[in-house]
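**Q** What follows is a predicted protein model with its sequence.
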Amino acid sequence: MTSPAPGIGARLFAWLEERTGLSVLSDLARKKRVPRHRHTIWYYLGGMTLFLFGIQVGTGILLLLYYRPSASEAFESVQFIMTRVPFGWLIRSIHSWSANLLVLTAFVHMFSVFFLKAYRKPRELTWLSGALLLFLMLGFGFSGYLLPWNELAFFATQVGTQVAGAVPVVGPFTLRLLRGGDLVTGGTLTRFYGFHVAVLPALATLLVGAHLILVQKHGMSVPPGVGKGGDSHDESVPSMPFLPNFLLRDLIGWVAALGILAALAALFPWELGTKADPFAPAPAGIRPEWYFAWMFQTLKLLPSHILGLEGEMLGVLGFGAGGLLLLLVPFLDGGRGGTSGRDRLIVACGWAVVAFMAAMTILVYLPAGK
Amino acid sequence: MSVDATRSIRRAGSGRRLILASLVSLLTVAPARAAEPPREAPAGPRPMETSCVSCHSQMDDVLLEPTKHMQDDIHFLKGLSCHDCHGGNPAAGGDGDPEAAHDRKMGWTGKPSRTQIPAFCAKCHADAAFMKRFNPHTRIDQYSEYRTSVHGKKNAEGDERTAVCVDCHGVHGIRAVSDPRSSVYPTKVAETCSACHADEKRMGHYFLPTTQHEEYRKSVHAHALYDEGDTSAPTCNDCHGSHGAVPPGVGNVANVCGSCHTREATMFRETEAKLKLDLAACIQCMVCHSNHAVLPPDDRMVGVGDASTCTGCHAEEDKGYKAAAQMADGIGALVKRLGEANERLDRAERAGVEVGPDRFDLQKGRDKLVEARVLVHSFDLEKFLAAAKEGLETADAGVAAGDRAEAELRTRRLGLWFSLLVIVAVLIGLALKVRQIERTSGT
């Protein structure tokens, strides 16, 4: 009796295997295991962020089919997408909501990695690529906010780019680089469009690739206090196979996220507002997207001069230094299992930053005068 | 200046010689000066330290008064000084000799009488060559206009009670018209005019009413000027003229109102021509809108209701009465339908449907409403109904757009619930699969 002929799937895989050696990847995925402990839930945030990034890419490409990046057409083209293109309203709303959820999950992912000490040796570069990805996501948010060319976005961009211009030495150059001139104009819109759909996606693709390869290489970090701590191959910690167990669990999160996005888009479609008028006075209550609100509020609260230097400039320098410290976290850490004084200081600093960001954000959204 | 010299000047200022000199000068001020050859403009700002200023600043009461306001005065700011209006020798007199300063050979004129003031100011203000050195676009017809006004005519007859230049502009300390502190700045004009025209004693001489200012303050024009800060809104001089102040008169009210309300005035005139009527005999715009107390127009003014102005002339059996009723119905129906369209679009917008283009289309309906309201002034029912019909069609389209938006909203919600149902089913399926796998593998 002869064995049954292999199915079309198996034959296709064999064909590909012969030409690409695809089994290396599938073997890797099959061998990969994910530790199971009380902090396992935080492992899903990276996948969730990646899923939302995928949603952004997909919906972004669809929006590109109709969007026109010029001051005279941008607003009208988005309006056209929302009113005349079948499901255009849904695509645009999902793109906007997903962008916000993406930044949220990226921040939560970063803080979970920070507090679980998952950046420690040998994952320094994983942390570095992740932190750079977070900055890129903020860049996506900032550049994408202007693209509908509405009133709020126009003035928020004016304020945002002005802040970038406050950096000593390179500030004026950065300001002109971002705006494409001295003022926010149609030239700025075209430039932001270029950043949003070409420069940032290219960089993000490279960094996401690097980040995933590094995650694959080092596996999931086991936090201090669980098993021996820090080693994904720690056999004292129970684990589950990545394929299919973890991936299916990931999938549950992604499908749930899709449901949430659909509900948000249908019940609270992203507003378009009114078209930007560069000659109109700035409306009251201009503020940036929520994830920049804490920086905006900090700059607002700083005195105009501190020790003879401009308060705004010092604030911007402070944010720059903060960003640099974030990148350097793995190299500042003691790496001794979370018990040394330096470890405790780093954790305390992390909580202080979280509290500061939360407090400043709340202050922005409190009604005026409170 | 020495103490003795100062005393000497004070004595002179309060003495007979000065009074005599002033009286003589008043008699010698002649309107004919306006016809003199163009005079040289001052070469540059004059110093305050002329003998006029140094002496008068140490005097009392009326003789001190001119020096108090000099720094605010447009003439002084343009480089003119006392002697440019009053003549005399500003270089002399500092040694305690007022006669030298008040030298009639040097053109000293002193204080002009009220009947002389217009010509006194016109010496420069009617002199094109002189005035254009300060501002090439400035007008120089104030004096000739003034002489056509009731104020000017009475003044020419020797009536010293009527308004002259200084009553509106001030004497010394005269500010530019564009200066918000000026008594003739748009927001101050009504108060300036009412200083006389609300004075019963003063107006009693001419048998004129004094309620105009009180009425004006209640008007839509005053609301725009004072409450909304719109300085282009009309005040007294915009209807009555500034220097040529003449009451519009019943024959040209529509011309006066029509200088701003052009469409209404054109329609009114067209009706006049079409029906071969002479509406000059009636008080035109005022019949419905009043004059000083022009209240904000209200749709209820048209029609046959209690607040209607049409029923003031048209009786129930005449054609105008029926036309008024039809116009009122047309406006009412259009307002109602536009409201319905707006309400639907608002509701859809609040729920997140983008209705910007529909709102833009609906704007045409609002324009037609405005046009219909204006067409009331044509008294042409056919034209009015055509505009109202177009407006109604646009409003109907707006209502339909609102209905479509709401239907779209319902479809979205339905789609959402369906999607969520599928998503929940997939989630349950995935959860069961995970459970099954983990049970089988024991992980």
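**A** Cool, got the structure.
**Q** how much space between residue B:50 and chain A?
**A** Counting by C-beta to the nearest C-beta, to the nearest Å, the gap from residue B:50 to chain A is 48 Å. C-beta coordinates here come from the backbone N, C-alpha and C atoms, glycine included.
**Q** Quick check: that residue touching residue B:90?
**A** Yes. With contact defined as C-beta atoms under 8 Å, residue B:50 reaches residue B:90; the gap is 3.6 Å.
**Q** residues shared between the contacts of the two?
**A** B:81, B:82, B:83 (C-beta atoms under 8 Å, 6 or more residues apart in numbering or on different chains).
**Q** so what's the residue lying closest to the second one once chain neighbours are set aside up against?
**A** Excluding its sequence neighbours, the residue lying closest to residue B:82 (C-beta to C-beta, 6 or more residues apart in numbering or on different chains) is residue B:52, at 4.0 Å. The contact partners of residue B:52, taken as C-beta under 8 Å, 6+ apart, are B:81, B:82, B:83, B:86, B:88, B:90, B:93, B:101.
**Q** Over to residue A:126?
**A** Residue A:126 neighbours (C-beta under 8 Å, 6+ apart): A:118, A:119, A:211, A:214, A:215, A:218.
**Q** By mean pLDDT, flag the weakest helix or strand of chain A.
**A** Ranking every helix and strand in chain A by mean pLDDT, DSSP states H and E puts helix A:23-31 at the bottom, with a mean of 81.
**Q** That helix and chain B in contact?
**A** No. Using C-beta under 8 Å from any C-beta of the partner chain, helix A:23-31 stays clear of chain B, coming no nearer than 12.9 Å.
**Q** Can you give the contact residues for that helix?
**A** A:17, A:216, A:241, A:242, A:243.
**Q** So for the fourth one, what's the pLDDT?
**A** Each residue has a pLDDT score; the one for residue A:242 is 87.
**Q** ok, now residue A:232?
**A** On pLDDT, residue A:232 comes in at 54.
**Q** number of nearby residues for residue 81?
**A** Picking chain A for this. When counting by other C-beta atoms under 10 Å in any protein chain shown, one arrives at 23 neighbours for residue A:81.
**Q** nope, chain B
**A** By other C-beta under 10 Å, neighbour count at residue B:81 equals 20.
**Q** Wait, it touches residue B:89, no?
**A** No. In this structure, residue B:81 is not within contact of residue B:89 by C-beta under 8 Å, at 12.0 Å.
**Q** Who are the contact partners of residue 200?
**A** Assuming you mean chain A. A:136, A:139, A:140, A:143.
**Q** should've been chain B
**A** Contacts of residue B:200 (C-beta under 8 Å, 6+ apart): residue B:210.
**Q** Roughly how far does it sit from residue B:210?
**A** According to C-beta to C-beta, to the nearest Å, residue B:200 and residue B:210 sit 5 Å apart.
**Q** What of residue B:79?
**A** Residue B:79 is 41 Å from residue B:210, by C-beta to C-beta.
**Q** nearest residue to residue 188 other than its sequence neighbours?
**A** As the question left the chain open, I've gone with chain A. residue A:179 (4.7 Å).
**Q** Chain B, not that one
**A** With C-beta to C-beta, 6+ apart, the residue lying closest to residue B:188 is residue B:182, at 6.6 Å.
**Q** returning to what we had before: ok, and of the contacts of helix A:23-31, which contact chain B?
**A** Within the contacts of helix A:23-31, those near chain B by C-beta under 8 Å from any C-beta are residue A:241.
**Q** What mean pLDDT does the helix or strand harbouring residue B:322 get?
**A** Assigned by DSSP states H and E, residue B:322 belongs to helix B:319-350. Averaged over helix B:319-350, pLDDT sits at 94.
**Q** And whichever residue of the stretch 151-300 of chain B sits closest to chain A, how close does it get to residue B:179?
**A** Per C-beta to the nearest C-beta, residue B:229 is where the stretch 151-300 of chain B lies closest to chain A, at 15.5 Å. Distance of residue B:229 to residue B:179, given as C-beta to C-beta: 16 Å.
**Q** who's more crowded, those two?
**A** Set side by side, residue B:229 and residue B:179 show more neighbours around residue B:179, with 14 against 9, by other C-beta under 10 Å.
**Q** Excluding chain neighbours, what is closest to the more buried one?
**A** The shortest distance from residue B:179 to any non-neighbouring residue, by C-beta to C-beta, 6+ apart, is to residue B:185 (6.4 Å).
**Q** Contacts only, for that neighbour.
**A** Per C-beta under 8 Å, 6+ apart, neighbours of residue B:185: B:177, B:178, B:179, B:231.
**Q** For it, grab phi and psi.
**A** phi -70, psi 150 (degrees, to the nearest 10).
**Q** next one: residue B:234
**A** phi -70, psi 140.
**Q** Let me know the pLDDT of it.
**A** So residue B:234 comes in at 94 (pLDDT).
**Q** Tell me how far residue B:110 lies from residue B:363.
**A** From residue B:110 to residue B:363 the distance is 65 Å (C-beta to C-beta).
**Q** near chain B, which residues of chain A show up?
**A** So far as C-beta under 8 Å from any C-beta goes, chain A lies against chain B at A:36, A:79, A:82-83, A:89-90, A:93, A:238-241, A:244-245, A:248-249, A:251-252, A:255-256, A:258-259, A:262-263, A:266-269, A:271-272.
**Q** Those residues in helices, which ones?
**A** A:79, A:82-83, A:89-90, A:93, A:248-249, A:251-252, A:255-256, A:258-259, A:262-263, A:266-267 (DSSP state H).
**Q** What subset of the residues you listed is buried?
**A** Buried subset of these (neighbour count, 16 or more other C-beta atoms under 10 Å in any protein chain shown): A:79, A:82-83, A:89-90, A:93, A:248-249, A:251-252, A:255-256, A:258-259, A:262-263, A:266.
**Q** pLDDT weak spots in the stretch 251-370 of chain A?
**A** Residue ranges of the stretch 251-370 of chain A with pLDDT under 70: A:334-339, A:368-370.
**Q** Right, and chain B sits closest to which residue of it?
**A** Counting by C-beta to the nearest C-beta, the stretch 251-370 of chain A gets nearest chain B through residue A:269, at 3.5 Å.
**Q** per-domain residue ranges of chain B.
**A** With domains defined by automatic domain parsing, chain B comprises B:1-140, B:248-296, B:319-411.
**Q** what's the closest of those to residue A:53?
**A** The closest approach between residue A:53 and any of the domains of chain B, judged by C-beta to C-beta, belongs to domain B:319-411 at 25.1 Å.
**Q** Which residue, neighbours along the chain excluded, lies closest to residue 197?
**A** In the absence of a named chain, chain A is used. Using C-beta to C-beta, 6+ apart, the nearest residue to residue A:197 is residue A:64, at 6.6 Å.
**Q** Not quite, go with chain B.
**A** Closest to residue B:197 by C-beta to C-beta, 6+ apart is residue B:212, at 5.9 Å.
**Q** And the strands in the stretch 251-370 of chain A, which stretches?
**A** Remark: strands assigned in the stretch 251-370 of chain A by DSSP state E, counting those that start in this stretch are A:305-306, A:309-310.
**Q** how far off helix A:247-267 does the longest helix anywhere in chain B point, in degrees?
**A** The longest helix of chain B (DSSP H) is helix B:381-441. Going by axes from the mean of the first three to the mean of the last three C-alpha atoms, to 10 degrees, helix B:381-441 is angled at 170 degrees with respect to helix A:247-267.
**Q** Is helix B:381-441 positioned near chain A?
**A** Yes. Remark: helix B:381-441 sits within contact range of chain A at B:412-413, B:415-416, B:419-420, B:423-424, B:426-427, B:430-431, B:433-434, B:437-438, B:441, by C-beta under 8 Å from any C-beta.
**Q** and the angle from that helix to helix B:319-350?
**A** For helix B:381-441 against helix B:319-350, the angle by the same axes, to 10 degrees is 10 degrees.
**Q** Mind giving me the packing neighbours of helix B:381-441?
**A** On a contact count with 3 or more C-beta pairs under 8 Å, 6 or more residues apart in numbering or on different chains; DSSP states H and E, helix B:381-441 meets helix A:247-267, helix B:319-350, helix B:356-375.
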